[in-house]
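Asks: Next one to model:
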Amino acid sequence: MIQGSFRLRLTLWTAGILGVSLIGFTSALFFTQRERLRGDIDRDMRGMVGRFMRPPGRQGQGPGQGQGPGQGPGGPGGPGFGMGRGPGPDGPGGFGGPGPIGRQGNLARLSADPIRFYRDGQVVQANGFAEFPDGKVAAISPEGAKVAIAGREDVRVVQVDGMSVRVLSIPFKDQEGQAAAIQVARGLRDFEFWERSQATTVALFVPIACLVAGLGAWLLATRGLRPVQEMADAAGQISGRNLSGRLPIRGQDELAGLGSKFNEVLDRLEDAFDRQRQFTADASHELRTPLTRIRLAASEPGSEPEQLREALRVCGQSAESMTRLVEQLLVLSRADSGRGWLKIVPTDVPTVVIRALERLPIASADRIDCVLPEEAIALDCDIDAVARAISNLLDNALRYSPDSARVELAVCEVGEEVEVAVRDLGPGISEKDLPHLFERFYRVDEARSGSTNAGLGLSIVQTIVSAHGGTASVESKFGQGSRFLLKLPKANKFLTSGP
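Replies: Here you go, the predicted model:
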């Protein structure tokens, strides 16, 4: 459902964006073209006005013959006819005649031919009428004529016989100097047809384009989200009981990178779950051993004083072993939580070493040779935690060394680090055990296998040292002893704070 919803949203967004873009583009194109066509119409009408208002006495394109006194149309020899008010050598109002009335050509046919009425000009007097041989004719646009007679040019669209007509009204002075107007009209039938055709084209094209784009987006989204669906199906099969499954990876694109990163997370989760299960199993095993010893000692303590003392000694040792195991588990648990379990304070190496020796029994401490620098080295650390790490190494070295052998603890300053080395003369560690020595509950199989140690001491050492920004390592050869090395940053090199 999530994938379908995303696919639908992607499709709608694609179609919507395309639709808005197309509508915006076509609208801009439509209005630009419409204004250009209107401008062409207006320029054409102004050209007609210019031809109508040519200078007096200029020869026309054909002779015109007056028909007598008064008003009368000229001959059809040119593009228009004249209107006059008195006699002239070529007839009253003759086209192209020398009289002042020659400026007023192109008038008579307006009333005779309505089609020409929309194309030629007429002079509208201040009374709102144009005079023709058959009488007065009202202005095409009375409102526009009034504006032009008042001295301002006017352009507007009016309805004449059911057809839209664009009318240009221009101020004009007749031969008596009276205010008048020249109106030129142009039918907009072709223009309106163009507008309707453009609107129809856009109304059909935009929805079809959006539909095609939406279909394409749907198909692309379906194809593009197919790997996501496969990953989702594979992820649905992964659970706490089955962490071995992995997401399918195809290609080298971003989804493949996402799947790879998710698989890496699954690898870490599986490893963490495995370690958690192993940790629980090992802890249960380690606790079961002392509990079994306590139960046996308590069930059959014996009746003799010596038997009772032995039973109490076994119970005490087992309780001490469980206490030590629980403390170690608590240390690891606090370290795993990572919530300020260290209490960092300024100190020095001798203070930490003394605290580590105090954690050992007196008899064990007497077997240790300490080699410290003459000048105290400053440290920023959790004193108890670092002392625990050192004492764990010392206890480990003492446990696996011969009773008469001594253990060396050497501290030195190397560059910006403090090195703490613990060397023993024990049986050494085989090469196959070295890589796993700091793992939790790991114990070697041979010479050290007889120990009651739970296998957490070295793991705690590494956890503490790593939390201080240092490292823990071991060098050993089987049968030649071992050397454990801790490297800690000096003061002001590891700065943190704890609660």
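
Asks: all strands of the chain, in order?
Replies: Along the chain, the segments classed as strands by DSSP state E run 121-124, 129-132, 135-138, 154-160, 163-173, 179-187, 345-348, 368-371, 378-381, 407-414, 417-424, 471-476, 482-489.

Asks: of the ones you listed, which approaches Arg38 most closely?
Replies: With CB to CB as the criterion, Arg38 lies closest to strand 163-173 of the strands of the chain, at 7.7 Å. Heads up, the C-betas are built off the backbone N, CA and C, glycines and all.

Asks: Quick one: list the elements packing against the closest one.
Replies: With contacts defined as 3 or more CB pairs under 8 Å, 6 or more residues apart in numbering; DSSP states H and E, strand 163-173 has these neighbours: helix 2-52, helix 142-149, strand 154-160, strand 179-187, helix 189-236.

Asks: again, 6 Å this time
Replies: In terms of contacts (3 or more CB pairs under 6 Å, 6 or more residues apart in numbering; DSSP states H and E), strand 163-173 is packed against helix 2-52, helix 142-149, strand 154-160, strand 179-187.

Asks: Pick the most deeply packed of the ones you listed.
Replies: Across the helices and strands packed on strand 163-173, averaging neighbours per residue (mean count of other CB atoms under 10 Å) puts strand 179-187 on top, at a mean of 22.

Asks: Restrict that one to CA atoms and write it as CSV.
Replies: C-alpha atoms of strand 179-187 as CSV (Å, rounded to 0.1, in the frame of the first residue of the first chain):
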residue,chain,number,x,y,z
ALA,A,179,-13.9,68.9,-34.3
ALA,A,180,-14.7,65.6,-35.9
ALA,A,181,-13.5,62.0,-35.8
ILE,A,182,-12.3,59.5,-38.3
GLN,A,183,-13.4,55.9,-37.6
VAL,A,184,-11.9,52.9,-39.2
ALA,A,185,-13.4,49.4,-38.5
ARG,A,186,-12.1,45.9,-39.0
GLY,A,187,-14.2,42.8,-38.7
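
Asks: Quick one: mean pLDDT over it.
Replies: For strand 179-187, mean pLDDT rounds to 83.

Asks: now stretch 407-414
Replies: Averaged over stretch 407-414, pLDDT sits at 92.

Asks: For that stretch, list every residue counted as buried.
Replies: 407, 409-411 (16 or more other CB atoms under 10 Å).

Asks: Likewise for stretch 374-392?
Replies: Taking 16+ other CB under 10 Å as the neighbour-count basis, stretch 374-392 is seen to contain the buried residues 377, 379-383, 385-392.

Asks: gap between that stretch and the chain center?
Replies: 48 Å (CA atoms, centre = their mean, to the nearest Å).

Asks: Can you give the contact residues for that stretch?
Replies: Among residues not part of stretch 374-392, those counted as contacts by CB atoms under 6 Å, 6 or more residues apart in numbering are 342-344, 346-350, 352, 355-356, 359-360, 413, 418, 457, 461, 464-465, 468, 491, 494.

Asks: Select only the buried ones of the residues you listed in PyMOL?
Replies: For the buried members of the contacts of stretch 374-392, the matching PyMOL selection, counting by 16+ other CB under 10 Å, is:
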select buried, resi 342+344+347+348+349+352+355+356+359+360+418+457+461+464+465+468+494
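
Asks: Please flag which of the contacts of stretch 374-392 sit within helices.
Replies: Using DSSP state H, the members of the contacts of stretch 374-392 that fall within helices are 349-350, 352, 355-356, 457, 461, 464-465.

Asks: OK, contacts around the residue nearest the centre of the chain?
Replies: Most central in the chain under CA atoms, centre = their mean is Glu254, positioned 13.8 Å from the mean C-alpha point. Contact criterion CB under 6 Å, 6+ apart gives no residues in contact with Glu254.

Asks: Can you read off the pLDDT for it?
Replies: The score at Glu254 is 77. That number is its pLDDT.

Asks: do you know how far it is from Ser260?
Replies: For Glu254, the distance to Ser260 equals 11 Å [CB to CB, to the nearest Å].

Asks: How far off centre is stretch 265-275?
Replies: That offset, for stretch 265-275, works out to 30 Å (CA atoms, centre = their mean).

Asks: Assess the claim that Phe478 and Lys432 are in contact.
Replies: No - counting by CB atoms under 6 Å, Lys432 is not a contact partner of Phe478; they are 9.7 Å apart.

Asks: one step back: possible to save the ones in helices among the contacts of stretch 374-392 as JSON lines with distance to Leu296 and pLDDT?
Replies: Formatted as JSON lines, those follow (distance: CB to CB, whole Å; pLDDT from 0 to 100):
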{"residue": "Val349", "distance to Leu296": "46", "pLDDT": "90"}
{"residue": "Pro350", "distance to Leu296": "46", "pLDDT": "91"}
{"residue": "Val352", "distance to Leu296": "41", "pLDDT": "92"}
{"residue": "Arg355", "distance to Leu296": "37", "pLDDT": "90"}
{"residue": "Ala356", "distance to Leu296": "35", "pLDDT": "90"}
{"residue": "Gly457", "distance to Leu296": "27", "pLDDT": "82"}
{"residue": "Val461", "distance to Leu296": "33", "pLDDT": "91"}
{"residue": "Ile464", "distance to Leu296": "36", "pLDDT": "90"}
{"residue": "Val465", "distance to Leu296": "39", "pLDDT": "92"}
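
Asks: Now for those: which two are most distant?
Replies: Taking CB to CB, the two most distant members of those are Pro350 and Gly457; they sit 23.4 Å apart.

Asks: Out of the buried residues of stretch 374-392, which is nearest to Gly39?
Replies: Sorting these by distance to Gly39 puts Asp380 at the head of the list, at 83.0 Å, by CB to CB.

Asks: now that closest one, nearest residue through space, not along the chain?
Replies: Ranked by CB to CB, 6 or more residues apart in numbering and with sequence neighbours excluded, the top spatial neighbour of Asp380 is Ala491, at 4.9 Å.

Asks: Look up the pLDDT of that neighbour for me, please.
Replies: With respect to pLDDT, Ala491 has a value of 78.

Asks: one step back: what's the closest of the helices and strands packed on strand 163-173 to Leu485?
Replies: With respect to Leu485, and counting by CB to CB, the nearest of the helices and strands packed on strand 163-173 is helix 2-52 at 53.1 Å.

Asks: And that closest one, how far out from the chain middle?
Replies: What separates the centre of helix 2-52 from the centre of its chain is 32 Å, taken as CA atoms, centre = their mean.

Asks: Same question for stretch 472-484.
Replies: Once both centres are worked out by CA atoms, centre = their mean, stretch 472-484 turns out to sit 53 Å from its chain's centre.

Asks: tally of neighbours for Leu357?
Replies: Leu357: 19 surrounding residues under other CB atoms under 10 Å.
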